[in-house]
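A.B. asks: whatever this is, show me its structure:
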Amino acid sequence: DALRNTIDCIEHQRIELAYQKQVNLETNEVTGIEALLRLQDGEGGYLPNDEIIPQIEGESLFSLVVLESLVQLEKFFAIKEEIGFKDATLYLNVSAHTIMHPEFCSIFTDFVEKHNLAPNQFGLEVTETAELADINIASESLQTLKDQGIKIALDDFGVERSNIQRLQHYPIDIVKLDRSLIMDIEASEKARKMVGSLAVLLKSLELDVTVEGIETEEQAQILNNFGLTIHQGYLYSKPVPPNELELNGPKKLDSF
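C.D. replies: Now for the predicted structure:
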């Protein structure tokens, strides 16, 4: 069913990307934009990524989805400076399985070369729940991408298969704290202590940190107090089509 639905999306051009901004509270600037894959169901809605993607990412068909995503990114890069996001890194959300495949790795490096992208203009958010089974292969793939100026973010840090060992072995630039870590941060002292401890650890490793899934100003304030100032979530902007992105400026939190 997953393969059939994906083929249908490809044949009828129902693959699209939605964009969500990452805001630096210290400067009130957009420092990053995440491109999120959307597969239209043909009835005005979207297929659930968490059910479809894990079923197809090991299939050769998935390369067509990746290529179509890059076609969409080309269109965004063409207007990126015009709509005011010249210095923001544009991230594509991918699975660990994708970046470990030699063909996919070269697809991304070729994309950077083809469009003559400056270092840090393009990045990959690698889904942390996907299994990086071979440390050496994963590290080499990530280093190849990084050497090409592609920023590497470890996504979903803090969920099921989180492994701090990966921070030691992989050439990662950014760690993205999963929304599950901050859902109870307003009411739970334990949650605050855990996030505060992670902030200290990640900073000691000289890693940048982005916190996703922020929905309230109180969450934002607590995170800001921990020195976690790069935020992403509905508090600032929902994922939107590229033509709507410029209409959703970063939320100014004057109390900060």
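
A.B. asks: only C-alpha atoms from now on, for both contacts and neighbour counts.
C.D. replies: OK.

A.B. asks: report the beta-bridge partners for Gln20.
C.D. replies: Assessed by DSSP bridges, Gln20 has beta-bridge partners Glu34.

A.B. asks: correct me if wrong: it contacts Lys238.
C.D. replies: Yes: using C-alpha atoms under 8 Å, Gln20 makes contact with Lys238 at a distance of 6.0 Å.

A.B. asks: the more surrounded of these two?
C.D. replies: Comparing Gln20 with Lys238 by neighbour count (other C-alpha atoms under 10 Å), the higher total belongs to Gln20, at 25 against 15.

A.B. asks: from Pro239, how far out is that one?
C.D. replies: Per C-alpha to C-alpha, to the nearest Å, Gln20 is found 4 Å from Pro239.

A.B. asks: shared neighbours of these two, which are they?
C.D. replies: Leu36 (C-alpha atoms under 8 Å, 6 or more residues apart in numbering).

A.B. asks: what's the end-to-end length of stretch 74-91?
C.D. replies: End-to-end distance for stretch 74-91: 12 Å, by C-alpha to C-alpha.

A.B. asks: tell me the buried residues in the longest helix belonging to the chain?
C.D. replies: Assignment by DSSP state H gives helix 62-79 as the longest helix of the chain. Buried residues in helix 62-79, counted by 16 or more other C-alpha atoms under 10 Å: Phe62, Ser63, Val65, Val66, Glu68, Ser69, Leu70, Gln72, Leu73, Phe76, Phe77.

A.B. asks: right, and the helix or strand after that helix?
C.D. replies: strand 89-95 (DSSP states H and E).

A.B. asks: restricting to C-alpha, output the next helix or strand along the chain from that next one in CSV.
C.D. replies: Downstream of strand 89-95, the first helix or strand assigned by DSSP H and E is helix 96-100. Provided in CSV are the C-alpha atoms of helix 96-100 (Å, rounded to 0.1, in the frame of the first residue of the first chain):
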residue,chain,number,x,y,z
ALA,A,96,19.7,8.0,8.4
HIS,A,97,19.1,5.2,5.9
THR,A,98,19.0,7.8,3.1
ILE,A,99,22.4,9.5,3.9
MET,A,100,24.1,6.1,4.4
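
A.B. asks: which strands or helices does helix 96-100 pack on?
C.D. replies: If contacts are counted by 3 or more C-alpha pairs under 8 Å, 6 or more residues apart in numbering; DSSP states H and E, helix 96-100 sits against helix 102-114, strand 122-127, helix 135-147.

A.B. asks: run the last query once more with 7 Å
C.D. replies: Secondary-structure packing of helix 96-100 (3 or more C-alpha pairs under 7 Å, 6 or more residues apart in numbering; DSSP states H and E): helix 135-147.

A.B. asks: buried residues, the helix it packs on. List them.
C.D. replies: Neighbour counts using 16+ other C-alpha under 10 Å place Ala138, Ser139, Ser141, Leu142, Gln143, Thr144, Leu145, Lys146 of helix 135-147 among the buried residues.
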